[in-house]
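J.: what follows is a predicted protein model with its sequence.
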Amino acid sequence: WLPRSPTNIQSIHFTVCSVNSFNLDVKNPMIFNGSQADMFGYTVKQFENEEGKWLLIGAPWEGQPINRMGDVYKCPTFNSIRPACVKLNLAESISVPNITQVKENMTLGTTLAPNPKGGFLACGPLYSYKCGSLYYSTGACANVSSNFQVVNTIAPTVKACKSRLDIMIVLDGSNSIYPWPSVNKFLIKLLEKIKIGPQETQVGIMQYGHSVTHIISLNQYNTTEDLLEAAKKIKQYGGNQTKTALGIESARTEEFTTQRGMRKGVSKVMVVVTDGESHDSHNLESVINNCKKDNITMFAIAVLGSYNRGNQSTVKFLKEIESIASSPKDKHFFNVSDEKALVTIAETLGEEIFALEATPDKEATSFKMEMSQVGFSAHYTKDSIMLGAVGADEWNGTVLMLNNNDVVIPDSEEFLNKSDKHNESLAGYLGYSVSSVAVAGVMWYVAGQPRYNHTGQVVIYTSKGKRTSIIQTLKGEQIGSYFGSSVCSVDINQDSITDVLLVGAPMYMGTDKEEQGRVYVYILKKDKFQYEMVLEPIKQQCSCQSAFDLSTDKEPCGSRFGMAIAWVSDLNLDGYNDIVIGAPLENNHQGAAYVFHGKGTIINKQYSQVSPEVDLKYFGQSIDGQMDLNNDGLVDVTVGALGGAALFWSRDIAQVTVELRFSPNKINIQNKNCEISGRQTVCVTMEICFRVRLKPDKEPKQSIALEYNTTIDSARRVSRGLFNETHERKIQRNVTVFSSHCTKHLFYMLETPDFLNPVEILVEFVMVDPDKGPVLDASLPSNVFFRKNCGEDEKCINDLILKAETDLILNPYIVHQDQRKFSLAITLKNEKENAYNPRIVVTYSKNINFTGQCFCQRDANALECRKEYVCLITTTTCNLCSAFHIG
């Protein structure tokens, strides 16, 4: 399927044009297979160490369905027989001290980033740790050495749990609480998810009515199971009064003591459950203030059962119990309709209590870094690592900078564009993709935010410590297009300055509501990126009726072009870096990859396409192409798919130089030099010489078989010349070229009035077997013109003198009826250089009839006239000859 390489020759105006051919061997890729369920192939990176050259392939769901920790495989590229990939077992070596790790489902291998200094980074953005009953997905990365050993774990947003809580549950046990078993169920539901222990959470329980009963002290039980058994057996002690202030004060002064298990430096929590107004409410305000002074976080639950059963007003009661709760009230105060409903709030209460575990600020109401998902994206700059954390700041996202052992986490407000406050930044996913831009010795950072304002954006910024300075934001244009989910900066001309920034919007909807996808191209001009163009895939014919038809089990239609974008190192050896873009949904989810060649400081919009010839799905979901993996001097490209990856070897590029030589080297139509079929004409011997070199400037290792077609006057319907071998305008031959080879053909000219305009000769050549050997690339231009005898400058400057006389008798300008016929004598003289294709145009009224012409002084065959009628005017044009000489 390789493209033909046209060589345009104008003959005797002849031009050979260069064509950049696509040189990836799509017929013979090296295939690496793995489990689709493990998502083997989700990420791919080329890698080199002392042992050889490898592919690193991420499988973020490896270990499913039990744990799905994920892992990375190393696959040798130097074993051409059957490459066997080996799991690195990196997940086992990821470790963060002093926390309860949760590696299950951490999706290690979601992100791979080779370290330019050796080794690589492998990230699992869903790496979590447990604080009490809560899980925090902070993310973690394994810093892996060049010999595939984990050097250390990078988890900058993991914090020591605040789960060392001392919780005191203060229960109203007065007679009005009914039925009491509902309270037991509430306790069990609340406590069953709490990890109890001396180094974990401690829980004590007391009951009050008209007096206080101490049931369980804080350090009495060391396991959750033992505490649950005790809670099931707690009975109601009763009482005719509800002394809530007494119960709270007793818990503060008697239970929160070191003698009963309170630990110094551990956060204190009190949960008060009551069903009525207190009989000692006059003491309540001072008691609550004492709790505040002791930094006790207060939760209050009002049980409305007795009020509802007696049809009493709850306003005063609710106000009193709400006053007990800490601020904000909506997080610390609850009310339920009756005792049976207590169990329904146990889970919510537990979540609010243990939200304290990772939020040192007791007034905090939102997540900061607890769900940051560090490592969702990663990129090495010259002196640091960029780590995308899409879950930071309640999924607004951020980008962490890691420099040696220093971690910089920008303040949450740093990425907000103060001039654009009206747009929605909530859950924008900043850090979904990251990259960097080199601008005249300055480093800019790039971060995608695909959900910003629902249309997405890309933030370009500089960073100094925790402070960032936004240079520019690029905005998406379609809701849900995921603009910014992939970014790629490219130095096209290899001068160490970024030329182009590409931004993917893989969910961009086409006219048929299919997920077509597109890639936006921005060029760097005057310290700003300016929109240049959009790259789009081949339009797909969707097999389903609608991309939104949820009534069927068919998957989305389209291409998702731009899901992966990677720059590759000068594939076609023209001195410019190139681009490969993945479209994993193309061809009914088989997938495809598009190659765009760089030129100058921009990308050629014309693409070459790679389609897999193996059974792969979602081919194009990941791409890399930085290394020569088989030591042939050419960069190779790796494309990931679901359950596999394909390594495409680059083929040699044959630089075919075509030179045409002509004898005579210029055509003089007056000098007929041969006889064809009994007629004198001009013959030209054309020698076609092929010369082959392999880029970059090396001799071929073996001969190359070419098929070439030569056409005379290819731009005209009727040719002015024919080949002597075939008496046709076309000739086809095969030739085998090792370094150079020449062959000759003779063609002759036909009679024609046009000998001024050049004859265009087209030479087209292709490989005889396009699937083997190198691909064609380029040729050189040359020109040969008709001989015009116009001096050394080849420019004809003539001086034509025209004289016209009639034989009219009475008046030279009036025709009388007595003279029915008259003649017009025209004299033409040239006093300078030859005039080519001269014409005489005579215009006269319609009542005069042109009857014929004669040429008195030159060859009559050279005179050719034709008439045209326009309205009442007649025009006769006479072509004199091909060349009108001096004299």
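T.: Okay, I see it.

J.: CA only for contacts and neighbour counts going forward, please
T.: OK.

J.: pretty sure I471 belongs to a strand, no?
T.: Yes. Assessed by DSSP: H, G, I helix; E, B strand; the rest coil, I471 belongs to a strand.

J.: residues in contact with it?
T.: I471 sits next to V459, I460, Y461, T462 when contact means CA atoms under 8 Å, 6 or more residues apart in numbering.

J.: ok, now E320?
T.: When contacts are counted by CA under 8 Å, 6+ apart, E320 touches E277.

J.: which of the contacts of I471 fall in strands?
T.: V459, I460, Y461, T462 (DSSP state E).

J.: which one is the first one nearest to, not counting chain neighbours?
T.: Beyond its immediate neighbours in the sequence, the residue positioned closest to V459 (CA to CA, 6 or more residues apart in numbering) is T473, lying 4.7 Å away.

J.: so how far is I99 from the one you found?
T.: 39 Å (CA to CA, to the nearest Å).

J.: hmm, L501 is touching C488, no?
T.: Yes. L501 lies in contact with C488 (CA atoms under 8 Å); the separation is 5.8 Å.

J.: find the nearest non-adjacent residue to A355, please.
T.: With CA to CA, 6+ apart, the residue lying closest to A355 is L134, at 7.6 Å.

J.: let me see the contact set for that neighbour.
T.: When contacts are taken as CA under 8 Å, 6+ apart, L134 is in contact with E351, F354, A355.

J.: buried ones from these, can you make that a PyMOL selection?
T.: What follows is the PyMOL syntax for the buried subset of those, where burial is set by 16 or more other CA atoms under 10 Å:
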select buried, resi 351+354+355
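
J.: ok, so of the contacts of L134, who is nearest D166?
T.: F354 (11.4 Å; CA to CA).

J.: just say helix, strand or coil for that closest one.
T.: Strictly by three-state DSSP, F354 counts as helix.

J.: gap between it and L191?
T.: Using CA to CA, we find F354 at a distance of 12 Å from L191.

J.: hmm, back to that, state the pair within the ones in strands among the contacts of I471 that is farthest apart.
T.: Taking CA to CA as the measure, those reach their widest spread between V459 and T462, a distance of 10.0 Å.

J.: hey, what's in contact with both of the two?
T.: Between them, V459 and T462 have I470, I471 as joint contacts when contacts are counted by CA under 8 Å, 6+ apart.

J.: looking at those two, which one has more neighbours?
T.: When V459 and T462 are compared on other CA atoms under 10 Å, the one with more neighbours turns out to be V459, at 23 against 16.

J.: run through the bridge partners of that one.
T.: Following DSSP bridges, V459 is listed with bridge partners A447, T473.

J.: can you give me the distance of it to V487?
T.: For V459, the distance to V487 under the criterion CA to CA works out to 11 Å.

J.: cool, and T398?
T.: In this view, T398 and V487 are 16 Å apart by CA to CA.

J.: now do E347
T.: With distances taken as CA to CA, E347 is found 41 Å from V487.

J.: neighbour count: these two, which is higher?
T.: It is V487, of E347 and V487, that has more neighbours when counted by other CA under 10 Å, with 27 against 16.

J.: that one contacts L501, doesn't it?
T.: Yes. Taking contact to mean CA under 8 Å, the distance of 7.2 Å between V487 and L501 places them in contact.

J.: quick one: mean pLDDT for stretch 268-283?
T.: What stretch 268-283 shows for mean pLDDT is 94.

J.: show me the strands in the stretch 601-750 of the chain, by range?
T.: Along the stretch 601-750 of the chain, the segments classed as strands by DSSP state E, counting those that start in this stretch run 602-610, 617-624, 637-642, 644-648, 653-663, 674-676, 679-681, 683-694, 704-712, 721-723, 730-737, 740-749.

J.: out of those, nearest to S469?
T.: The stretch from these with the least distance to S469 (CA to CA) is strand 602-610; that distance is 27.3 Å.

J.: any weak-confidence spans in the stretch 401-550 of the chain?
T.: With pLDDT under 70 as the threshold, the stretch 401-550 of the chain has low-confidence stretches at 416-425, 542-550.

J.: ranges for the strands of it?
T.: Listed from the start of the chain, the stretch 401-550 of the chain has strands (DSSP E, counting those that start in this stretch) covering 406-408, 433-439, 442-449, 457-464, 467-475, 486-490, 500-505, 518-525, 528-535.

J.: can you list the ones you listed in JSON lines and add distance to N33?
T.: What follows is the strands of the stretch 401-550 of the chain, written out as JSON lines (distance: least, CA to CA, whole Å):
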{"stretch": "strand 406-408", "distance to N33": "37"}
{"stretch": "strand 433-439", "distance to N33": "27"}
{"stretch": "strand 442-449", "distance to N33": "31"}
{"stretch": "strand 457-464", "distance to N33": "35"}
{"stretch": "strand 467-475", "distance to N33": "38"}
{"stretch": "strand 486-490", "distance to N33": "25"}
{"stretch": "strand 500-505", "distance to N33": "27"}
{"stretch": "strand 518-525", "distance to N33": "29"}
{"stretch": "strand 528-535", "distance to N33": "31"}
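
J.: wait, the residue nearest to V459 touches V458, no?
T.: Yes. With contact defined as CA under 8 Å, T473 and V458 form a contacting pair (5.5 Å).

J.: so which of the two has more stuff around it?
T.: When T473 and V458 are compared on other CA under 10 Å, the one with more neighbours turns out to be V458, at 26 against 16.
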